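Q: Here is a sequence with its predicted model. Questions after.
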Amino acid sequence: MSSLLDKPAAAAALTLRNVTKRFDGASGRVTALADISLDVREGEFLAIVGPSGCGKSTLLSLLAGLEHTDEGEIKLGQDPVVSPGRDRLVMFQQDALFPWLDVLENVLFGLRLKPDLTEAERLESARYYLNLVGLGNKEKARPHELSGGMRQRVALARSLAPNPRVLLMDEPFSALDALTREQLYGDIQEIFTKRKKTIVLVTHNIREAVCLGDRVVLFSPNPGRVQQVFDVNLPRPRRMNDPALANLAAEVTAALSSHLTADQR
Amino acid sequence: MKLPRFVIPTFIAILLLGGWEWYVRSGRVSAVLVPAPTHVVEWFWDSLLSGELLAATWVTMRRLIIGFAIGAALGVPLGALCARVRWVRDTLGVLALGLQTLPSVCWVPLALLWFGIREEAVLFVVVMGTLWAVVLAVQESVLNVPPLYLRAAQTMGSNGWHLWSRVIFPAALPGVLSGMKQGWAFAWRSLMAAEIFVAIVTGFGLGSLLNAGRELHRMDQVMGVMAVVMLVGLLADLVFFSPIERWLRRSRGLER
């Protein structure tokens, strides 16, 4: 019986158990994340939303293996996460494209680190994902010749091309203008539906979280913890100005502000 | 009507050179102390035809290129090591900072003692002139590589030598290049100083030619060599460093 209970109900891609992370700040130790337990299901789009300082970006760094937990455990499938790995690729707030490589070479960067592929397979895969993000004709361009939205698309292709088990997104849309952002929401949803990738998105934009996530996890700050989880049962592709989406976003916002005011009392 | 940009500078240059020529020829100043421009050009032409000038330039250039190459080849890995290892930075890095401020002609007495009045002594001085500037430039530019590049590369599975060769060095390249340019300038100055300071038996370079001019009281030769030294420095920048730098900056969108 107990062995059954130990196993997660649905297949979980990422498992977080009692994760705590502290930093040494100027005013002593700061607890960035306190006792986070969370499952990210295989093929799920999980959106983590919260005000700045709630530790959501720290959580993503932990999932990426770029930082280490002080307490608790993070597992990818059955294996504990201890270091960065190409099974968990990250899309950063800035595109992080390498300016000394052209677009195709940027996308090939992660693929070249997979020794089991032939060069022809790498090229095919890179071109497939560049086409998927609509930049098949920009192979030879340098990053600085592209607009911000195009650069984030290349970054998306670069993170998808090595076929990671989980895609981690660290506010990748926050530096873009509203129109470009809307367009990318559409692209991401299309790719997500087509490829059935497990995605964890971190954002401070509640609408964005509701628009993209299968579930929305609301974080509260000081210290960062899970406050509430919302299921988003809206059909895809979702549009930002859809009234049902707006209603749910309002609900999340209300939950957040009631917590914040309760905090001040 | 607008004059082309070169007209006024050319006019001023002709005026100045003409005035200088006239002043010397009018006998108001000894031509031994101040040679007229035509004297300098005359010397330049004669020594070019006799092969003396080209031979000296070749000797100097060879020393410079070999010394610079050694200095850069040592400086790049040492600079990288300084950036990578804290205690190396706190020891070698600090030493480099000190030695970079030391004009490398100060090494001449020791170099002569260690290597004799030979090629190795000059090379040593040139290497000392190049090395520390390169070490510091490499250290600084490696430390200034945006952490975001490293994080992105690491999540894609890059580490160790791959991370260094494919991410850190390409990202640091513009800084490394300007450090090399500075190293080249230091090497050039230290080489001139060394060649003027001691007559190296293994080769008669531009510095020796300048010093010979002093001993012969031939200020036309001294000024002529000065002009050649300037020219060589300008050429190195114009045909070597500047094009690389411009290409690097343009291909990364740092400059149109």
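A: Received it, and whenever you're ready, just let me know what you need. Remember, it's a predicted structure, so these values are computed and weren't measured experimentally.

Q: how about residue B:186, what does it touch?
A: Residues near residue B:186 by C-beta atoms under 8 Å, 6 or more residues apart in numbering or on different chains: B:104, B:129-130, B:133. In this view, the C-beta of every residue, glycine as well, is placed from N, C-alpha and C.

Q: Mind checking what secondary structure the nearest residue to residue B:118 once chain neighbours are set aside has?
A: In space, and not counting its chain neighbours, residue B:118 is closest to residue B:202: 5.3 Å by C-beta to C-beta, 6 or more residues apart in numbering or on different chains. Counting by DSSP: H, G, I helix; E, B strand; the rest coil, the backbone at residue B:202 sits in coil.

Q: about what we covered before: sort out for me which of the contacts of residue B:186 are in helices.
A: Secondary structure from DSSP state H places B:129-130, B:133 of the contacts of residue B:186 in helices.

Q: Quick check: of these, which lies closest to chain A?
A: For the ones in helices among the contacts of residue B:186, the residue nearest chain A by C-beta to the nearest C-beta is residue B:133; the value is 23.4 Å.

Q: show me what contacts the residue in chain B that chain A sits nearest to?
A: Residue nearest to chain A within chain B: residue B:253 (2.5 Å; C-beta to the nearest C-beta). For residue B:253, the contact set (C-beta under 8 Å, 6+ apart) comprises A:99, A:142-145.

Q: ok, now residue A:251?
A: Going by C-beta under 8 Å, 6+ apart, the list of residues near residue A:251 reads residue A:230.

Q: that older thread, where does the residue nearest to residue B:118 sit relative to residue B:116, distance-wise?
A: Using C-beta to C-beta, to the nearest Å, residue B:202 is found at 10 Å from residue B:116.

Q: just residue B:253 next, same as before
A: Taking C-beta to C-beta, one finds residue B:253 at 52 Å from residue B:116.

Q: ditto for residue B:185
A: Distance from residue B:185 to residue B:116, by C-beta to C-beta: 28 Å.

Q: Pick out whichever of these two has more residues nearby.
A: Of the pair residue B:185 and residue B:116, residue B:185 is the one with more neighbours under other C-beta atoms under 10 Å in any protein chain shown, namely 17 against 13.

Q: residues contacting that one?
A: residue B:233.

Q: Let's see that with 10 Å instead.
A: B:129-130, B:133, B:233, B:236-237, B:241 (C-beta atoms under 10 Å, 6 or more residues apart in numbering or on different chains).

Q: can you check residue A:62 too?
A: A:16, A:19, A:21, A:32-33, A:36, A:55, A:68-70, A:72, A:74, A:81.

Q: mind checking which helix or strand the residue nearest in space to the middle of chain B is in?
A: Most central in chain B under C-alpha atoms, centre = their mean is residue B:185, positioned 2.5 Å from the mean C-alpha point. In this assignment (DSSP states H and E), residue B:185 forms part of helix B:169-197.

Q: avg pLDDT for that helix?
A: For helix B:169-197, the mean per-residue pLDDT is 90.

Q: Leaving out chain neighbours, which residue sits closest to the closest residue to chain B within the stretch 1-150 of chain A?
A: For the stretch 1-150 of chain A, the residue closest to chain B is residue A:144, as judged by C-beta to the nearest C-beta, at 2.5 Å. Excluding its sequence neighbours, the residue lying closest to residue A:144 (C-beta to C-beta, 6+ apart) is residue B:253, at 2.5 Å.

Q: so that neighbour, which of the three states?
A: coil.

Q: just residue B:30 next, same as before
A: Residue B:30, by the three-state scheme (three-state DSSP), is coil.

Q: Chain B against chain A: which residues are in contact?
A: For chain B, the contact set with chain A under C-beta under 10 Å from any C-beta of the partner chain comprises B:146-159, B:162, B:166-167, B:169-171, B:173-174, B:248, B:250-254.

Q: ok, the closest residue to residue A:183 other than its chain neighbours - contacts?
A: Leaving aside its sequence neighbours, residue A:183 sits nearest to residue A:149 (C-beta to C-beta, 6+ apart; 6.9 Å). By C-beta under 10 Å, 6+ apart, the residues touching residue A:149 are A:95, A:173, A:175-177, A:179-181, A:183-184, A:187.

Q: Among those, which ones are in helices?
A: A:179-181, A:183-184, A:187.

Q: those strands in chain A, which residues are they?
A: A:12-25, A:28-41, A:45-49, A:71-76, A:79-80, A:88-91, A:166-170, A:198-203, A:215-220, A:225-231 (DSSP state E).

Q: possible to save those strands as JSON lines with mean neighbour count and distance to residue B:76?
A: What follows is the strands of chain A, written out as JSON lines (neighbours: other C-beta atoms under 10 Å in any protein chain shown; distance: least, C-beta to C-beta, whole Å):
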{"stretch": "strand A:12-25", "mean neighbour count": "17", "distance to residue B:76": "35"}
{"stretch": "strand A:28-41", "mean neighbour count": "18", "distance to residue B:76": "39"}
{"stretch": "strand A:45-49", "mean neighbour count": "26", "distance to residue B:76": "43"}
{"stretch": "strand A:71-76", "mean neighbour count": "17", "distance to residue B:76": "38"}
{"stretch": "strand A:79-80", "mean neighbour count": "10", "distance to residue B:76": "38"}
{"stretch": "strand A:88-91", "mean neighbour count": "26", "distance to residue B:76": "30"}
{"stretch": "strand A:166-170", "mean neighbour count": "24", "distance to residue B:76": "34"}
{"stretch": "strand A:198-203", "mean neighbour count": "25", "distance to residue B:76": "39"}
{"stretch": "strand A:215-220", "mean neighbour count": "22", "distance to residue B:76": "45"}
{"stretch": "strand A:225-231", "mean neighbour count": "15", "distance to residue B:76": "48"}
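
Q: Show me where the stretch 101-250 of chain B has its strands.
A: For the stretch 101-250 of chain B, strands defined by DSSP state E, counting those that start in this stretch do not occur.

Q: okay but residue A:205 is in contact with residue A:171, surely?
A: Yes - if you go by C-beta atoms under 10 Å, residue A:205 and residue A:171 touch, sitting 8.2 Å apart.

Q: How many residues are close by residue B:52?
A: With other C-beta under 10 Å as criterion, residue B:52 counts 15.

Q: I'd guessed it sits against residue B:59; true?
A: No - using C-beta under 10 Å, residue B:52 is not in contact with residue B:59; the gap is 11.0 Å.

Q: got any residues that touch both of those two?
A: With C-beta under 10 Å, 6+ apart, residue B:52 and residue B:59 have common neighbours B:204, B:209.

Q: if we can go back for a sec, tabulate the strands of chain A (CSV), appending distance to residue B:9 and mean pLDDT.
A: CSV is the format used below for the strands of chain A (distance: least, C-beta to C-beta, whole Å; pLDDT from 0 to 100):
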stretch, distance to residue B:9, mean pLDDT
strand A:12-25, 59, 87
strand A:28-41, 62, 88
strand A:45-49, 64, 93
strand A:71-76, 68, 89
strand A:79-80, 71, 88
strand A:88-91, 54, 91
strand A:166-170, 55, 92
strand A:198-203, 59, 93
strand A:215-220, 66, 91
strand A:225-231, 71, 89
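
Q: Would you reformat those strands as CSV and include distance to residue A:111?
A: Formatted as CSV, the strands of chain A follow (distance: least, C-beta to C-beta, whole Å):
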stretch, distance to residue A:111
strand A:12-25, 22
strand A:28-41, 25
strand A:45-49, 24
strand A:71-76, 20
strand A:79-80, 22
strand A:88-91, 11
strand A:166-170, 15
strand A:198-203, 20
strand A:215-220, 31
strand A:225-231, 35
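
Q: Pipe these into CSV and attach distance to chain B per row.
A: CSV is the format used below for the strands of chain A (distance: least, C-beta to the nearest C-beta, whole Å):
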stretch, distance to chain B
strand A:12-25, 15
strand A:28-41, 17
strand A:45-49, 18
strand A:71-76, 13
strand A:79-80, 15
strand A:88-91, 5
strand A:166-170, 8
strand A:198-203, 13
strand A:215-220, 22
strand A:225-231, 24
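
Q: To residue B:220, which of those lies closest?
A: Judged by C-beta to C-beta, the one of the strands of chain A that comes nearest to residue B:220 is strand A:88-91, at 67.8 Å.
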